[in-house]
Every structure is written in C-alpha cells, then in structure tokens.
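Asks: What would the 3D arrangement of this be:
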Amino acid sequence: MRRSPVSNIVITGASSGIGAATAIAFAKQGARLVLAARGEAGLEDIAQRCRDAGGTASIRTVDVTDAEAVAAFAGDARASLGEIDLWFSCVGVGVLGKYQDVPLIDHVRVIEANLLSHMHEAHAVLPVFLAQDHGIWVNMISVGGFVATPFAAAYSASKFGLRGFSEALRGEVSKCPHIHVCDVYPTFVDTPAIGHAGNYTGAKLRLPPGSLAPETVAKAVVRLAKHPRSTTVIGAPAIALKLSQFAVPNLNAAIMNTLLDRWARKAEPGVDSDGTLFEPPAAPSGPDGGNRHPDRRRVAAVAAGATVMAGAATALALLLRRRSARER
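Replies: You can find the predicted model right below:
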C-alpha cells in the first residue's frame with residue numbers, strides 16, 4: 001500500500017497560537033510549509049521562526065471566510081508544494097458575553113470563522129486529496145465541541161457544528177484508506193486568543209489555571225501526521241467528556257454558567273470590545289499567551305482531572321441506573 005511521507009504541510013490560522021506552534025513543530029522535522037492567516041506581520045514572524053527551526057515556509061494572507069479566496073489559496077498551495085500531505089484547519093475566534101448582550105454581527109462572525117471557514121477549507125482540499133489518493137485533514141475543534149460554553153453561545157454552536165461536519169466527512173471518505181479526517185479537542189490553551197477575543201462581559205478576560213501550552217497541542221497534531229486517528233482529546237479523558245455529555249447534557253453548562261456569573265461579578269473591570277474579530281492584530285503575537293503559572297499547573301491539572309473523572313463517574317452511574325430500570 002502506498003503511503004507518502006508527510007512533509008508538505010498547509011496550516012491556516014498560522015500567525016499565532018496553536019497554528020503557529022504547530023508550524024514551528026513541523027519545521028523542526030524539516031517540513032515544507034505554506035502558512036495562511038489574515039495578518040501579514042504575524043505570518044512573517046512565524047515563517048521566519050520556521051526557517052530558523054530547519055523547515056521551509058511561504059506565506060499567504062487569506063481571509064478564510066471567503067470561499068473563493070480559500071479555493072484559490074488551495075490551488076496555489078498545491079502548485080507550490082506539488083502535493084499536500086496534511087492540511088491543518090486551525091482558524092478560530094471567540095466572543096464572550098451573555099448572548100443577548102453581544103452584537104449579533106459578532107456572533108455571525110464567530111460562526112463564519114469557526115465553522116464556515118473550515119467547511120470552505122475542506123471543500124477546497126478534499127478534491128486534492130482524492131486526486132492524489134492520500135491526505136490528512138486535521139480539524140481544530142476544542143472540548144467546546146462536546147461541552148456547551150455559556151457566555152460563548154456562538155462559539156458553542158460553531159464547535160458542535162464542526163464536530164458533526166467532521167463526522168459526516170469521515171463517513172464520506174471511509175472507503176478511501178489513505179485519506180483521513182482527524183479532529184483535535186484541547187481544553188483551555190494559553191495562546192494570544194484570550195487577548196484577541198471579543199469581550200462584552202464587563203470584566204477583564206483571564207485563562208483558568210492549568211491551561212495547556214500551545215506546544216502540547218502542536219505535538220499531538222504532529223503525531224497525527226504519522227498516526228492519523230479520528231479523535232484526539234488533549235487535557236481531559238475523551239470517554240469522560242462523551243459519557244457526561246450523553247448522560248447529563250445540561251449539568252456541565254449549568255455549572256459553568258454559575259461559575260462565569262460569579263467570575264464576572266468579582267473580576268477586574270474590562271472594556272467592551274470586538275477584539276480582532278474583524279481586523280487582524282497589527283503586530284506579531286506568537287504562539288504563546290504568556291498567562292500560565294508553573295507553580296499552579298500541577299495542582300490545577302489534578303483538580304481538573306478529578307472534576308472530569310467525577311463527571312464521568314456520575315454519567316456512568318446514571319447510565320447503569322437507567323439500564324437497570326429498563327431490565328426490571
């Protein structure tokens with residue numbers, strides 16, 4: 001069976017955060033990269049880091065919410081690389097605030113960037129994969145695709161939709177053994193995205209303790225190049241998320257809403273803003289958000305793991321109780 005080495009990589013959303021960290025990780029393995037995002041300054045910065053790391057990188061400024069621009073970009077990337085072995089769809093934005101307090105245009109932008117843009121990218125690259133009879137499409141989702149996120153309703157809609165979209169695509173390519181659709185579901189990640197997000201909470205946004213380094217997610221994506229798998233959850237057990245969502249679908253959202261309400265009342269005041277939803281950052285921001293506290297990571301990770309496993313245990317108990325009731 002033919003299996004091409006994975007060396008020709010396309011990454012969208014590559015100017016900062018997880019996309020940037022993944023570009024650098026692939027460059028360290030000598031990959032040839034085509035990087036895309038809206039902001040040229042951020043792209044130039046990451047492309048140079050990739051070259052310094054041992055890879056080659058070219059950049060394209062692309063607004064992936066524009067389907068025609070994405071199709072043209074895919075053709076350009078294929079011409080530049082010869083073949084596309086892996087396409088990492090990593091664009092993602094967010095806006096925080098009670099649904100009715102956030103301008104509708106901001107919600108629409110989140111759906112365009114987080115869901116429709118990924119659909120544009122898949123529509124552009126799948127014909128390439130089918131023509132060359134191999135390829136890996138890596139779809140950045142987040143655990144928000146399993147667990148609803150109050151104060152980020154449009155984000156939840158986009159991520160739940162993206163998970164369903166990926167599952168449908170996997171079914172369509174199931175008879176193509178060398179074409180893979182891989183979903184990645186990290187928990188909170190310390191990237192510049194928290195500073196780029198729209199914010200209508202009245203409070204200054206902060207990441208919770210124990211957030212992942214973007215390099216942790218990048219390593220998982222690089223592993224998918226050699227060992228593709230449908231679902232990769234980073235920072236929490238996948239089975240726990242699935243069980244808790246199936247058995248007690250509203251519990252997690254209710255708990256999170258209570259916590260966020262409490263946080264918004266006590267947090268440092270912030271200024272309402274649409275962040276970088278509609279315009280890219282003017283300056284490079286790099287992969288890392290710089291908000292992690294090493295002394296808190298171990299405690300936070302243990303607490304998060306305990307919470308997830310407690311949720312899983314609750315879900316499993318409810319499932320067993322329901323089965324027992326049916327058998328009586």
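
Asks: Give me the neighbour count for the nearest residue to residue 99 once chain neighbours are set aside.
Replies: The shortest distance from residue 99 to any non-neighbouring residue, by Cβ to Cβ, 6 or more residues apart in numbering, is to residue 153 (4.4 Å). Where C-beta positions appear, they are placed from N, C-alpha and C, glycine not excepted. Using other Cβ atoms under 10 Å, the number of residues around residue 153 comes to 18.

Asks: Residue 271 - nearest residue in space that isn't next to it in sequence?
Replies: Counting by Cβ to Cβ, 6+ apart, residue 271 lies nearest to residue 199, which is 7.8 Å off, once chain neighbours are set aside.

Asks: so the one you found makes contact with residue 97?
Replies: Yes. Assessed by Cβ atoms under 8 Å, residue 199 is found in contact with residue 97 at 6.8 Å.

Asks: Now do the same for the spatially most central residue of the chain: its pLDDT.
Replies: The residue lying closest to the centre of the chain (Cα atoms, centre = their mean) is residue 140, at 3.3 Å. For residue 140, the pLDDT comes out at 97.

Asks: Just the CA coordinates for the longest strand along the chain, please, in PDB.
Replies: Taking DSSP state E as the assignment, the strand of the chain that covers the most residues is strand 179-186. Coordinates of the C-alpha atoms in strand 179-186 are reproduced here as PDB (Å, rounded to 0.1, in the frame of the first residue of the first chain):
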ATOM      1  CA  ILE A 179      -7.500   9.900   3.300                       C
ATOM      2  CA  HIS A 180      -8.100  10.800   7.000                       C
ATOM      3  CA  VAL A 181     -10.200  13.300   8.800                       C
ATOM      4  CA  CYS A 182      -8.800  14.000  12.300                       C
ATOM      5  CA  ASP A 183     -10.400  16.100  15.000                       C
ATOM      6  CA  VAL A 184      -8.500  17.700  17.800                       C
ATOM      7  CA  TYR A 185     -10.200  18.700  21.100                       C
ATOM      8  CA  PRO A 186      -7.900  20.500  23.500                       C
END
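
Asks: contacts for that strand?
Replies: By Cβ atoms under 8 Å, 6 or more residues apart in numbering, the list of residues contacting strand 179-186 from outside reads 18, 126, 129-130, 133-143, 145-146, 163, 166, 169-170, 173, 212, 216-217, 220-221, 224, 228-235, 238, 241.

Asks: among those residues, which are in strands?
Replies: Of these, the ones assigned to strands by DSSP E are 135-140, 231-234.

Asks: What subset of these is buried?
Replies: 135-140, 231-234 (16 or more other Cβ atoms under 10 Å).
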